[in-house]
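In: fold the following and give me the result.
(one chain, ligands or ions: 1)
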Amino acid sequence: MTALEPFGARLRRAMDERGPLCVGIDPHASLLAEWGLNDDVAGLERFSRTVVEAVAGRVAVLKPQIAFFERFGSRGLAVLEAAVAEARAAGALVVMDAKRGDIGSTMAAYAESFLHKDAPLFSDALTVSPYLGYGSLAPAVELARENGTGLFVLALTSNPEGAEVQHALRPDGRSVGATVLARLAAENAGQAPLGSFGAVVGATLGDLSPYDLEIGGPLLAPGIGAQGATPADLPRVFGAAVRNVVPNVSRGVLRHGPDVVALRDAAERFAEEIRAAVTSG
Ligand SMILES: O=c1ccn([C@@H]2O[C@H](COP(=O)(O)O)[C@@H](O)[C@H]2O)c(=O)[nH]1
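Out: Coordinates of the predicted model:
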């Protein structure tokens, strides 16, 4: 494979051409049942293929949640490999939601598993956790730069429990989450039109004006739909940085399956609401 253009540039173009929506591939056992599928590898495969068929040719980003595939061991991971390859072949960027984080030497292996161009689970970007110290992510940053891939670093997560860690104040008076955002801004310095090192910032969080969200990179915003946020919340939560927001919807779209057209229509409705909110905000 020839070297890829940096992830940030590829993402900016995809957002401009297709809109910023990211649809999740989250095969919850309850969704498999609602779709009339068995909670087994065949059900998992049918679910993933249907989501890819419905939306991968239309939305900018697909975000598989690896936990739902790991549940089925090596055969689940084989299904994930196929879904990633098919989604990318249909023109979607793939953000692997694996939230990896470890000491630097192990982090390097995690990065190779997803961000190296020859990896079976090669993805355009990976979610990672900075809570072993931001510096522990350095091998992943380096490998992403070499391979034209990207990272989304957990900064201010959508779940209420995240605040006890992410809002905690450091000795210098800054919060932990604000420091993660500042480190990302430094990674992205000088990168145009968009850096490759994004933050995860929940759409559920309300007013984020105390935080500097201008990190020069994308902001992956889960929480719309099942967690209660709506597209209309985006301008209020993200302010001017809304132009760099990649809103994620998983269950809010997936509950409309298994009909391909119904899934596609649900994604299109979210995409339209996001477009309206972002342009009016
Ligand atoms: O802060 C975070 C980080 C990641 N997620 C993931 O996003 C999706 C959300 O799914 P919904 O069904 O739309 O609620 C899921 O894969 C989470 O693991 C998050 O929700 N919040």
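In: where in the stretch 51-200 of the chain is pLDDT low?
Out: Within the stretch 51-200 of the chain, no stretch has pLDDT under 70.
In: for the residue of it found nearest the ligand, what are its contacts?
Out: Using CB to the nearest ligand atom, the closest approach of the stretch 51-200 of the chain to the ligand is made by Thr157 at 3.2 Å. In this view, the C-beta of every residue, glycine as well, is placed from N, C-alpha and C. Counting by CB atoms under 8 Å, 6 or more residues apart in numbering, Thr157 makes contact with Gln166, Val200, Gly202.
In: helix, strand or coil for the nearest residue to the first one once chain neighbours are set aside?
Out: Read it as Gln166. Spatial nearest neighbour of Gln166, excluding adjacent residues (CB to CB, 6 or more residues apart in numbering): Gly177 at 3.8 Å. Using DSSP: H, G, I helix; E, B strand; the rest coil, the secondary structure recorded for Gly177 is helix.
In: how about the one 10 residues further on?
Out: When the structure is reduced to helix, strand and coil (three-state DSSP), Glu187 reads as helix.
In: among the contacts of Thr157, which are in helices?
Out: Gln166 (DSSP state H).
In: also near the ligand: which of the contacts of Thr157, exactly?
Out: For the ligand, the contacts drawn from the contacts of Thr157 by CB under 6 Å from any ligand atom are Val200, Gly202.
In: now do the strands in the protein.
Out: Remark: strands assigned in the chain by DSSP state E are 22-25, 61-64, 93-100, 125-128, 150-156, 197-201, 219-221, 245-249.
In: OK, contacts around Ser113?
Out: Counting by CB under 8 Å, 6+ apart, Ser113 makes contact with Ala119, Leu121.
In: give me the phi and psi angles of the residue of the stretch 51-200 of the chain closest to the ligand.
Out: When read as degrees, to the nearest 10, the backbone of Thr157 gives phi -80, psi 160.
In: residues from the stretch 1-150 of the chain in reach of the ligand?
Out: Residues of the stretch 1-150 of the chain lying near the ligand (CB under 6 Å from any ligand atom): Gly24, Asp26, Gln65, Asp97.
In: now these as JSON lines including neighbour count?
Out: JSON lines is the format used below for those (neighbours: other CB atoms under 10 Å):
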{"residue": "Gly24", "neighbour count": "24"}
{"residue": "Asp26", "neighbour count": "21"}
{"residue": "Gln65", "neighbour count": "20"}
{"residue": "Asp97", "neighbour count": "25"}
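In: farthest pair within those residues?
Out: Asp26 and Asp97 (8.5 Å; CB to CB).
In: identify the contacts common to these two.
Out: Counting by CB under 8 Å, 6+ apart, the contacts common to Asp26 and Asp97 are Pro64, Gln65.
In: count the neighbours of the residue lying closest to Glu214 once chain neighbours are set aside for me.
Out: Computed as CB to CB, 6+ apart, the closest residue to Glu214 that is not its neighbour in sequence is Ala241, at 5.7 Å. Residues lying near Ala241 (other CB atoms under 10 Å) number 20.
In: and Ala241, what does it touch?
Out: Ala241 touches Leu213, Glu214, Leu219, counting by CB under 8 Å, 6+ apart.
In: longest helix of this structure?
Out: helix 260-280.
In: this completes my enquiry, with thanks.
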